[in-house]
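Trainee: Next come a sequence and a model predicted from it.
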Amino acid sequence: MLNAEKLVILDRDGVINHDSDNYIKSLDEWAPYPTSITAIARLTHAGYTVAIATNQSGIARGYYDEATLHAMHEHLISLVEAEGGRIAHIAYCPHGPDDNCRCRKPLPGMLLNIQQYLGLASLTGSWMIGDSLRDLQAGEAVGCKTALVRTGKGVKTEQKGVGLEKSKVFDDLAQFVEWLIK
């Protein structure tokens, strides 16, 4: 049985891959950070389960469709598997900010989806890694430990300095993983 303390939940855009204020709308635009795929594989090798929780309002806005999103995720999974890693589950919110859904971060719906999918009694002690305050808020709402990465929108989030009291801060996902597995 999976131990919640061995679960790391990652935001996608800005943590695993480069982010864009214009949205990542195609597989061609999806570009992982040079060390992120290896970092995910290292987590797997160290006995951690990795899941992803990603807001994808570009679907609601009509910038791309779910088939395109699935192509990006299939590519991500294949890159991670090529390095011996595994992504246990990808939860995504296709809704816009005004759709009043329960899944869009900072609400914890996607994290609860991951919890249910993985059969965990709780997420207390798991990690939520993100580049924005809403990622950290979603994690804190369900008892996750949180870490901010300075990639993506992370530097701007850190500069605001609001809501980071409980979070650790790292330059990128690879630095977090290095710290975690030591």
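Mentor: Perfect, thanks for sending it.
Trainee: In a helix, residue 175, correct?
Mentor: Yes: the secondary structure assignment for residue 175 places it in a helix, going by DSSP: H, G, I helix; E, B strand; the rest coil.
Trainee: Tell me where the longest helix sits in the chain.
Mentor: The residue-count maximum for a helix in the chain (DSSP state H) belongs to helix 66-82.
Trainee: helices and strands around the next helix-or-strand element following it, which ones?
Mentor: Moving toward the C-terminus from helix 66-82, the first helix or strand encountered (DSSP states H and E) is strand 89-93. When contacts are defined as 3 or more CB pairs under 8 Å, 6 or more residues apart in numbering; DSSP states H and E, strand 89-93 sits against strand 49-55, helix 66-82, helix 109-118. All C-beta spots, glycine's among them, are computed from the backbone N, C-alpha and C.
Trainee: Model confidence for the residue lying closest to residue 20 once chain neighbours are set aside, exactly?
Mentor: Distance criterion CB to CB, 6 or more residues apart in numbering; nearest residue to residue 20, sequence neighbours excluded, is residue 29 at 6.9 Å. At residue 29 the predicted local confidence, pLDDT, stands at 97.
Trainee: where does residue 29 sit relative to residue 166, distance-wise?
Mentor: Applying CB to CB, to the nearest Å, the value for residue 29 to residue 166 is 33 Å.
Trainee: Neighbour count: these two, which is higher?
Mentor: Neighbours of residue 29 and residue 166, each counted by other CB atoms under 10 Å, are more numerous for residue 29; the result is 15 against 11.
Trainee: Could you grab the helix/strand/coil label for the more buried one?
Mentor: Here residue 29 is coil, with the state taken from three-state DSSP.
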